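> Quick one: sequence plus predicted model below, questions after.
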Amino acid sequence: MKLRSQISIFNVITRLLLIAILVFALPMLIEHVVYKHIDKTLLEKKQKFIHNLGQAEINEFLNESIKSDTYASFSVLHDEFILLSKVGDKPQQLTSVYIDEPRIIEGQQDDYRILQYAFNYEGNAYALEIGSSIAEITELTFMIRIFTLVLLLVIVLVTFLMDALFIDYLLKPFYKIIDTKIRRVNDPESFNFTDIPSHSTDFRELDEVLNQMMRRIDNHFKQEKQFIANVSHELLTPISLLKNRFENLLQHPQLDDAVADKIVASLRTLDMLRKIINNLLLISKIENNQFRETEAVSLKNLVRNVMEEMEDRIAEKSLELTIDFPDDVVFEGNRTLLYILFHNIISNAVKYNATRGLLLISTRETAGSFEISITDSGQGIPDSEVVTIFDRFTRIDQLQEGQGLGLAIASSIARFHRVIISVDSKVGRGSTFTLQFPKV
């Protein structure tokens with residue numbers, strides 16, 4: 001997952017957690033504040049009622065108490081009420097208590113926040129209740145929760161879009177560095193040392209470090225090229241001299257047969273050593289991108305040229321050859337290397353094939369690639385060895401001649417041309433090597 005996606009997901013999760021906390025905590029906080037306000041209002045009304053309590057109120061209460069033992073006053077909308085009750089002649093301890101309970105006023109029941117206060121007046125004990133309706137608080141809390149949820153969701157959506165745009169803006173230099181200086185670079189000589197502008201010191205430092213690293217790599221790359229050239233000269237030249245000397249010795253008239261056989265064996269050893277060195281040098285040159293000449297190569301003609309060279313070996317094994325290559329494909333690459341690629345794979349298919357076996361070369365075109373498959377009916381490759389057949393000096397059959405470098409060279413050439421090699425093999429049934437060429 002990309003960094004921008006991880007940051008965006010983290011921001012969304014944190015905001016959703018914040019929403020969950022606010023949706024549950026904010027109504028509780030508002031409810032607490034509202035209750036505090038109601039309690040304060042009830043306390044002020046109580047103090048005002050007690051402060052203004054006089055004989056007129058008591059017389060009115062006494063007149064009402066003829067009918068009942070209480071004096072009640074309530075608003076038209078039933079959102080407030082005052083209830084004064086006589087509780088006896090014994091003095092009461094002055095106390096104030098807040099309770100929440102339902103009350104029925106004129107046949108209508110509502111929930112009230114009630115202040116209960118006991119006091120004494122002129123030798124009598126009274127109980128005062130002042131209530132305020134809290135029915136609207138529940139509705140208000142519910143509306144606040146809905147409003148808060150919608151508002152916060154809108155905020156999350158807007159901030160997510162803003163974060164995404166801002167993160168893209170911040171990471172744009174980073175992805176430009178990746179694309180320009182890493183993904184598109186195949187060798188140090190094609191590296192772009194131009195500084196990538198960025199507002200972040202971290203990305204500027206990354207750009208600078210990449211430039212420094214690539215300069216060191218370029219220096220080592222040039223040293224390796226020089227080393228390969230020196231090795232090519234220093235190793236192959238003595239081998240050529242020894243070969244010439246041995247060939248001259250073979251022309252000596254007094255040379256006996258035993259010595260001649262040893263010289264011939266030495267010549268074969270020198271020839272094998274020369275091939276190994278040339279193959280290793282070829283792999284090194286390919287991996288160091290020293291083959292730069294490219295041209296439009298007809299893959300169909302290239303395969304036909306390889307098969308013409310293999311005619312004698314195919315006939316020697318009496319192989320049944322089938323080439324299913326109806327359409328030609330032109331590929332941009334190094335013709336010499338592509339020839340070696342096909343030659344090494346087809347050569348292995350012939351070498352390890354069974355006598356009177358089958359050799360099939362077929363093609364398949366997909367949306368983004370062109371595939372060429374080489375199938376044989378040989379002994380096949382065990383699963384444990386399939387993963388190592390492209391390693392250097394790996395030989396499938398130790399009885400067969402070779403240095404185990406053919407497929408290693410093919411693998412290096414394929415990587416050089418961005419060609420994908422896949423292997424499908426069954427022991428005793430043969431192998432299929434598929435070359436997937438990218439379309440231009």
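Thanks, I have the structure now. Everything numeric in this text was worked out from a predicted model, so none of it was measured.
> And the helices in the protein?
In the chain, the helices defined using DSSP state H lie at 3-51, 55-65, 135-178, 201-250, 257-287, 299-309, 311-316, 335-351, 383-386, 406-416.
> Quick one, which of these gets closest to residue 423.
Taking CB to CB, helix 383-386 is the member of the helices of the chain nearest to residue 423, at 5.5 Å. Heads up, the C-betas are built off the backbone N, CA and C, glycines and all.
> follow-up on the earlier one: of all the helices of the chain, which lies closest to residue 365?
Closest to residue 365 of the helices of the chain is helix 299-309 (CB to CB; 11.7 Å).
> Taking their axis directions, the closest one and helix 335-351 sit at what angle?
Relative orientation of helix 299-309 versus helix 335-351 (axes from the mean of the first three to the mean of the last three CA atoms, to 10 degrees): 50 degrees.
> Can you list the buried residues in helix 299-309?
Buried residues in helix 299-309, counted by 16 or more other CB atoms under 10 Å: 299-300, 302-303, 306-307.
> ok, these vs residue 137, which is closest?
Of all the buried residues of helix 299-309, residue 137 sits closest to residue 299, with 81.8 Å by CB to CB.
> buried ones in stretch 79-89?
79-86.
> what sits opposite the residue lying closest to residue 39 once chain neighbours are set aside in the beta ladder?
Nearest residue to residue 39, sequence neighbours excluded (CB to CB, 6 or more residues apart in numbering): residue 98, at 5.8 Å. Beta-bridge pairing of residue 98 under DSSP bridges involves residue 115.
> ok, now which ones touch residue 98?
Applying CB atoms under 8 Å, 6 or more residues apart in numbering, one finds that residue 98 lies in contact with 39, 42, 113-116.
> can I get the buried residues of helix 299-309 in JSON lines with distance to residue 346 and pLDDT?
JSON lines is the format used below for the buried residues of helix 299-309 (distance: CB to CB, whole Å; pLDDT from 0 to 100):
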{"residue": "299", "distance to residue 346": "13", "pLDDT": "91"}
{"residue": "300", "distance to residue 346": "14", "pLDDT": "90"}
{"residue": "302", "distance to residue 346": "11", "pLDDT": "91"}
{"residue": "303", "distance to residue 346": "8", "pLDDT": "91"}
{"residue": "306", "distance to residue 346": "6", "pLDDT": "90"}
{"residue": "307", "distance to residue 346": "7", "pLDDT": "91"}
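> Same list, these, but as a markdown table with distance to residue 227 please.
Output for these, formatted as a markdown table (distance: CB to CB, whole Å):
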| residue | distance to residue 227 |
| --- | --- |
| 299 | 34 |
| 300 | 39 |
| 302 | 32 |
| 303 | 35 |
| 306 | 32 |
| 307 | 37 |
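> between those residues, which is closest to residue 437?
Nearest to residue 437 among those, with distances taken as CB to CB, is residue 299, at 7.2 Å.
> How about the closest one: what's its closest non-neighbour residue?
Nearest residue to residue 299, sequence neighbours excluded (CB to CB, 6+ apart): residue 329, at 4.9 Å.
> what separates that neighbour from residue 155, distance-wise?
According to CB to CB, to the nearest Å, residue 329 stands 56 Å off from residue 155.
> for residue 12, same thing?
12 Å.
> Same question for residue 387.
53 Å.
> More neighbours: these two, which one.
Taking other CB atoms under 10 Å, residue 387 and residue 155 do not tie; residue 155 has more neighbours (13 against 10).
> Show me where the stretch 201-350 of the chain dips below the pLDDT cut-off.
Applying pLDDT under 70 to the stretch 201-350 of the chain flags residues 225, 228-229, 232-233, 287-293.
> one step back: ok, which of the helices of the chain comes nearest residue 362?
Here helix 299-309 is closest among these (CB to CB), at 10.9 Å.
> Now do residue 235: how many residues are near it, please.
Other residues within reach of residue 235, judged by other CB under 10 Å, total 17.
> That one reaches residue 277, doesn't it?
Yes. Contact criterion CB atoms under 8 Å: residue 235 and residue 277 qualify, at 5.3 Å.
> thinking again about what came up before, show only the entries of the buried residues of stretch 79-89 found in strands.
Of the positions in the buried residues of stretch 79-89, 80-86 sit in strands, assigned by DSSP state E.
> Would you point out the most distant pair within those?
Distances among those were taken as CB to CB; the most separated pair is 80 and 86, at 21.8 Å.
> Contact partners for residue 274?
Residue 274 touches 236, 239-240, 243, counting by CB under 8 Å, 6+ apart.
> tell me which of the residues you listed is nearest to residue 271?
Scanning the contacts of residue 274 for proximity to residue 271, where the rule is CB to CB, the winner is residue 243, at 7.5 Å.
> how about the nearest residue to that closest one, chain neighbours excluded?
Using CB to CB, 6+ apart, the closest residue to residue 243 is residue 270 (5.2 Å).
> same thing with residue 386?
In space, and not counting its chain neighbours, residue 386 is closest to residue 423: 5.5 Å by CB to CB, 6+ apart.
> what about the one you found, neighbour count?
If you count neighbours by other CB under 10 Å, residue 423 ends up with 14.
> May I have the residues that are in contact with it?
By CB under 8 Å, 6+ apart, residue 423 lies in contact with 381, 386, 389, 431-434.
> Out of those, who's the most crowded?
If you count neighbours using other CB under 10 Å, the busiest of those is residue 431, which has 24 neighbours.
> show me the contacts for the residue nearest to it when sequence neighbours are not counted.
Computed as CB to CB, 6+ apart, the closest residue to residue 431 that is not its neighbour in sequence is residue 425, at 3.8 Å. Going by CB under 8 Å, 6+ apart, residue 425 touches 380-381, 386, 431-432.
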